[in-house]
Each structure stands twice: as structure tokens, then as C-alpha cells.
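Student: Got a predicted structure here, sequence first:
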Amino acid sequence: MKDSKMTTGYLIKRFYPYFKPYRKILIFDLLCAAFTSVCDLVLPIIIRFITDTANLNPGNLSVSLVVRITALYMMLRLIDVLANYYMQNTGHVMGASIETDMRRDLFSKYQQLSYSYYSENKTGQLISRITSDLFDIAEFAHHCPEEYFIAAVKIIVAFVILIRVNIMMTLVLFLMIPLMIFFAMRYRNKLRSAFKWQRSELGEINAHVEDSLLGIRVSKSFANEDVEQKKFRSGNERFLKTKKVSYKNMAAFRSVTKFFDGLMYIATVFLGSVLLMKGEITAGEFIAYLLYVGMLLESIRRVVEFTEQFQKGITGIERFIEVMDANIEVDDAEDAQELINIEGRITFEDVSFHYGDGDDILSDINLNIKAGENIALVGPSGAGKTTFCNLIPRFYDVNSGRILIDDQDIRDIKLHSLRSNIGMVQQDVYLFADTIAGNIEYGRPGASKEDIIKAAKLAGADEFIREMPYGYNTHVGERGTRLSGGQKQRISIARVFLKNPPILILDEATSALDNESEMIVQKSLADLAVGRTTITIAHRLTTVRNADRIIVLTEEGVAEEGGHEELMEKDGIYAGMYRMYSL
């Protein structure tokens, strides 16, 4: 459990811009809060007046006076009801609107963050930040201004009224408030740390649940349900531990305030009784004093009770800012240009790359790929083939050297423009929980139904799609669970056909398929590659015999390159690998 490095003042300052669009609503909300406070503050005055009039001047207390006072108080209560309705309705909508704005910005930031960020952070943690954290912030945004404003109004007005009744007794009571705040604040920072730890552990639970449910078929196939339950139980127990810590601090926090709460009542009753016996205050003033003290303590109690929500909100803001301030490692340069009239030439010049502080995955790679050339990338596992391909669309930036497309450094090209001209078909196909048509359309949002069907036909997918219960409107299930591996792969190929990019990257696109599905998909891929600069990563070397050029990549870099027959005649690394795979 780590203490926060961001102060509460800094977090409020960062959060304030989200209030700006709703400042008129906020001002009127606080005005309504003032009206509700006035209604509460007037009641003790009315009771004091009636009590003292009845005791000291009973002849002045008439039915008409009581009716007028009652009518006045009823009018104030009607205002109180209307003001409270506005606070509960529009005030909550304001909080929900702020939550919506923050969720929009957070999701936008998620879309901008680089691949490396998602390698280092669990999806469950990110989901927790965009759901439960923002809900707490919404509650904070609505209630925080109201609660503190109402408390401030009541405390200040009560102080002014009480000090006019008796200075000594009022000073004794109000001197206790700083002491109560001093002792209570000792637990505030502990609460904040506990809530942040609690949020982190909740994110871990979310991450594990997501991981376990997505891998449910694997866990069942290995009969490892008990293993998953044990891992979940461990995380669940850690979360309970955070709850215990937060509740322990909350209990101490509330106990301190409860102690001073009782102390102030005792002091009021004792001192008030003494002053009443001496005749220094009237019975009406004593009753009003008790009512104001009760109101004062109620205000302090509400602020204390709101401290838990306050700390949850501040913790949520802190976790929100941590994401918003996360570094975007791969971004557009200030003078980035669009990639237009692309031919498809790709050049690697002295390219080296490593992940984080690790050793180089690629070192001093020099390679020229001609426009329209079909390149096959082969080599042992760990040689950097996938990394090589991921550098072209700038999923990561090179550590040294440069990559050019049509003689233009890709770091000088706008990311959207660069990636719009590159199509990727990977082994691990991801389909969204949408219809088949929706998943194909993802390749070119807004495409017509005719273009979607055309792309499916080119990918060899139209026939099996039409056999589905609802054809192109069939939902594929989460991650495409209702489709076979070959069907999912053909839909992903149709998606790229629809995108129609000049550069194509095929990352072991058929290695997970059975022989029949592989033959169908290979035909689709061959059709897709026509007229495009194509880079194919393949473990099954028999599938790349017809490539224009085969690049053998090892940990030392480009070891061999040439056509299939040429490399077989060299009898080097490729020939050895090919004979081994052909056995």
C-alpha cells in the first residue's frame, strides 16, 4: 500500500476543469443548498420566540400570530422541498454528466496509449478505472460542493447566532471543533491510502475474472477449475484485507468525531443549565441553543460521514489522472504528413529495437522491399519476426535507425494515415461481439452492404456466411466463439479486403488451422496479396515457396535472402529448416 504523491489540492485543481461546463448548474445548486440551510436555521429562532413570548409575555401570544408564524414556516418548507428536488435531480445529473465527460476522455486516452502500456497494465485494472472509479467521482462531484457549502453556512450562521446568546459558552463549544478536526484528520490520509489500495485490489479481481472467463474452455479442458478458484480466493482475500484496513481507519475516524460530539452536548447541557439558573439566558434561548448545537453537530457529522465518499472520489481522481498523464510513446510528430499516392516500397536502414531495458531483439537490420513484392519472413522462434512487422505500422518505435515507406520516414507520417495503408492478418483473430457484417465493416467503417458482400466473396467467406441462421446479420459471439478457426480467419481476411491497403502483413495467419481450412484460407490470402507489397511470417515453410524473396531472420539479423530454389542450392539455414519441416 503506497501513499499518494499527489496532494488533495493538486487533484482538485486538475479536476476543476470538468466543473466548468456546468458552473451555472453548480451555482444554482449551491443557491438551493443555501435555501435548505435557511429553513433549518429559522426553526430554532421561531421556537425561541414562541417559548420566550409564552413565558415572559403570554398575552402577546395570539392565535393569529401563531398562524402567521406557521404560514411563514410552511412557505419556507415549500421552498426547501423545491430546492431539495433540484439538488437531488439536476445536481445528480450534473455529477453523471461530469462522469460521462471523464469517461469519454479516459476512453479516448486508452485509444491513444501505445502497445507497451497495455503490455504493462492489466485490462481489469483499466476497466475498474473507467467504471467504478468514475462512479465514485460522480458522487464526489455532486455531493462534495453541497455538503461542504451547507456545513459552512450552518456553522457560520450558528456561530453568529449563538455568540449573541452567550459568548463564553459559544467559545467553549467552538474551541472543541478544531480539536475534533485535528484528531480526525490524522486518519484522513490513512483512509485515502487504504481506498487506493482497495481500488487496486478490486482491479486485480476484475483482471482475474476477465482472464478466467475468457480462458474458461482451457481451464475446463485441463480440469483446472479448482486452480482458478484457488487463485480467485487468494485475490478475494487480499481485497478483504484492504476492506479491513479501510474500515479500521474509518471506525477510528468516526469514533473520534463521536467522542467530541458527545463532549459538546455535555458541555452545552451543563453550561446552559448553570446560565439558566443564574438567569443569564432565557428558557427559549436555552432551547434554541440546544437546537443550534444539534444542527451544528449534525452538519459536522454529515461532513465526517461524507469523508469516506470524499476520499473515494479523490482516489478515483488520482487514478484517473495517472492514466491521463501516462506517456504516449508513439505519437504524431508536430509536422507529420499524410501518406498519399503510396507505391509500397519499404526500407529498413540500420534498424535496432529492444523492449524496455532488455537486449536488442533486432540489431542493425538493413533491407529493401520493392513495391508489390511478396516477401516471406522465416526463422527460429525469438528471432524478432513479429517485432519486425510490428515496427512498420509503428506499434513500437525503433530505438535506432529508421524505417521508410516510399522514401518517407514513418515517424514523419501521421499514424492514422500510416496504419490506414497497412492491412494485417494475424494468427490470433479478434472478432468483436457484433454481427458478421459488422466485423467485416470494421475494415472500412460506413462501407455499403454490397462492398461488404464483395469483400466476403473475395475472402471465400460468402458461402458459409449465407448458411448461417441470419446470414450476414448473425452474431458471432464474444471473440467469435460461434465460428470455427477457419471461418474467423476468412472474416478477418474479408475485413482486410474491404480496407484494401497497399501494404499487407500476414503474421502466421494459417498456423493454427487444420489442413482443409488452411488450403481455403491460403487461397484467400493469395488473392488478397495480388498487387500489394506483402510480408508473410510463416512457420510452415511449404506455404512460402512461391514468395518473390525469402528473408531468413536470426538473432544476428538477416542471415540469408533469396528465392526458394536459390536458398535450397546454398544449403544453408533455410535449406536445413525446409528439410526439417518437410519430413
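Tutor: In hand now; what should we look at?
Student: Check which residues of the helix or strand that Glu566 is a member of are buried.
Tutor: Take DSSP states H and E as the rule and Glu566 turns out to sit in helix 564-570. Using 16 or more other CB atoms under 10 Å as the test for burial, helix 564-570 gives His564, Leu567. No exception for glycine: its C-beta is placed from N, CA and C like everyone else's.
Student: got the contact list for it?
Tutor: By CB atoms under 8 Å, 6 or more residues apart in numbering, the list of residues contacting helix 564-570 from outside reads Val544, Arg545, Asn546, Ala547, Ile550, Val552, Glu560, Gly562, Tyr574, Ala575, Tyr578.
Student: Give me the most central residue, this protein.
Tutor: By CA atoms, centre = their mean, the mean C-alpha position of the chain lies nearest to Ile130, the distance being 2.9 Å.
Student: What ranges does the stretch 101-250 of the chain have for its strands?
Tutor: Per DSSP state E, counting those that start in this stretch, the stretch 101-250 of the chain carries no strands over any range.
Student: ah, wrong one, I meant the chain
Tutor: 346-353, 362-369, 374-378, 400-405, 408-409, 422-426, 503-507, 533-537, 549-554, 557-562 (DSSP state E).
Student: returning to that earlier point: pLDDT on the helix holding Glu566, on average?
Tutor: Average pLDDT, helix 564-570: 89.
Student: re the thing from before, could you point out which of the contacts of helix 564-570 is nearest to Leu458?
Tutor: Nearest to Leu458 out of the contacts of helix 564-570 is Asn546 (CB to CB; 19.4 Å).
Student: ok, that closest one to Ala283 distance?
Tutor: When CB to CB, to the nearest Å is the yardstick, Asn546 and Ala283 sit 105 Å from each other.
Student: Look at the two and report which has more neighbours.
Tutor: Ala283 (14 against 10; other CB atoms under 10 Å).
Student: Which pLDDT value belongs to the more buried one?
Tutor: Ala283 carries a pLDDT value of 84.
Student: Name the nearest residue to Leu458, ignoring sequence neighbours.
Tutor: Phe497 (4.7 Å; CB to CB, 6 or more residues apart in numbering).
Student: right, and that neighbour touches Ala455 too?
Tutor: Yes. Phe497 lies in contact with Ala455 (CB atoms under 8 Å); the separation is 4.1 Å.
Student: Now for the two: what residues contact both?
Tutor: Joint contacts of Phe497 and Ala455 (CB under 8 Å, 6+ apart) are Gly443.
Student: where does the protein have low pLDDT?
Tutor: Counting by pLDDT under 70, the chain has low-confidence residues at 1-5, 188-189, 192, 210-211, 213-224, 305, 308, 511-514, 517, 582-583.
Student: Was I right to think Glu146 contacts Met87?
Tutor: Yes. Shown here, Glu146 and Met87 form a contact pair, counting by CB under 8 Å, at 6.4 Å.
Student: Please say which of the two ends up with more neighbours.
Tutor: Met87 (22 against 19).
Student: For Ile25, see how far away the more buried one is.
Tutor: Separation of Met87 from Ile25 (CB to CB): 11 Å.
Student: for Lys385, same thing?
Tutor: Distance of Lys385 to Ile25, given as CB to CB: 56 Å.
Student: quick one, which of those two is more surrounded?
Tutor: Neighbours per residue (other CB under 10 Å) separate Lys385 from Ile25, with Lys385 holding more: 23 against 16.
Student: Distance-wise, check that one relative to Leu41.
Tutor: Lys385 is 75 Å from Leu41, where distance means CB to CB.
Student: and the closest residue to Ser132 other than its chain neighbours, what is it in contact with?
Tutor: Leaving aside its chain neighbours, Ser132 sits nearest to Leu202 (6.7 Å; criterion: CB to CB, 6+ apart). Going by CB under 8 Å, 6+ apart, Leu202 touches Ser128, Ser132, Phe239.
Student: between these, which has the most around it?
Tutor: When neighbours are taken as other CB under 10 Å, the top entry among the contacts of Leu202 is Ser128 (23 neighbours).
Student: Settle this for me: it is touching Asn206, isn't it.
Tutor: Yes. Counting by CB under 8 Å, Ser128 touches Asn206, with 5.1 Å between them.
Student: Surely Ala547 and Ile369 touch.
Tutor: No. Under the criterion of CB under 8 Å, Ala547 makes no contact with Ile369, lying 11.5 Å away.
Student: Could you name every residue contacting both of the two?
Tutor: Ile375.
Student: Counting residues, which helix of the protein comes out longest?
Tutor: Secondary structure of the chain read by DSSP state H shows that its longest helix is helix 225-278.
Student: Which strands and helices lie in contact with that one?
Tutor: helix 167-185, helix 188-214, helix 216-221, helix 283-324 (3 or more CB pairs under 8 Å, 6 or more residues apart in numbering; DSSP states H and E).
Student: residue contacts, the residue lying closest to Ala509 once chain neighbours are set aside?
Tutor: In this structure, Ala509 finds its nearest non-sequential neighbour in Val425, 4.5 Å apart by CB to CB, 6+ apart. With contacts defined as CB under 8 Å, 6+ apart, the neighbours of Val425 are Gln489, Ser492, Ile493, Val496, Leu504, Ile505, Leu506, Asp507, Ala509, Leu525, Leu528.
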